[in-house]
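Enquirer: Predicted structure and sequence below. I'll ask about it afterward.
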Amino acid sequence: MHIHLSPRHLTLTGAINSYVVNKLARLDHQSDRIIAAHAVLMHDESKNKSDYVVKVHLAMPGPDIHAEDREEDLYAAIDLVVSKLSRQLSKRKTRLVTGKKHKAQKATERRKSGI
């Protein structure tokens, strides 16, 4: 999986870079169909509140997966986005597996009925 990081209004340190890469690499173990990941890390200081916004886009065959979160702590925002992506990948895998089982069941029923 190719990982691309885009910092906006913050300095991308080695610690932040390695943290994001390690977290996104865990998603690669969950699904081997991920082609690339694009993470945008933003520091937003609007409305007298300092927040970090993390947006991640996973490029995959079929529909891509997106997640976004906003927190006061950058590392917490990264963790929340990765957990959202993990849930989305799990749901996608479950849908694929149950769809294949459903198709196989229908084919078996057709063969038994002679259609």
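Expert: Good, I have the coordinates.
Enquirer: Can you pull up the most central residue in the chain?
Expert: The centroid of the chain falls nearest to residue 85 when counting by CA atoms, centre = their mean (3.2 Å).
Enquirer: Could you measure from it over to residue 98?
Expert: Using CB to CB, to the nearest Å, we find residue 85 at a distance of 21 Å from residue 98. Placement of C-beta: from N, CA and C, glycine included.
Enquirer: before we move on, what about residue 105?
Expert: 10 Å.
Enquirer: Just the C-alpha atoms of whichever helix or strand residue 16 is part of, please, in CSV.
Expert: Remark: residue 16 resides in helix 14-30, with elements defined by DSSP states H and E. The C-alpha trace of helix 14-30 is given here as CSV (Å, rounded to 0.1, in the frame of the first residue of the first chain):
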residue,chain,number,x,y,z
GLY,A,14,9.1,12.3,12.1
ALA,A,15,7.1,11.1,15.1
ILE,A,16,3.8,12.1,13.5
ASN,A,17,4.8,10.6,10.2
SER,A,18,5.8,7.2,11.7
TYR,A,19,2.7,7.2,13.9
VAL,A,20,0.3,7.7,10.9
VAL,A,21,2.2,5.2,8.7
ASN,A,22,2.2,2.5,11.4
LYS,A,23,-1.6,3.0,12.1
LEU,A,24,-2.5,2.9,8.4
ALA,A,25,-0.2,-0.1,7.8
ARG,A,26,-2.3,-2.1,10.3
LEU,A,27,-5.3,-1.5,8.0
ASP,A,28,-3.3,-3.2,5.2
HIS,A,29,-3.3,-6.4,7.4
GLN,A,30,-7.0,-6.2,7.6
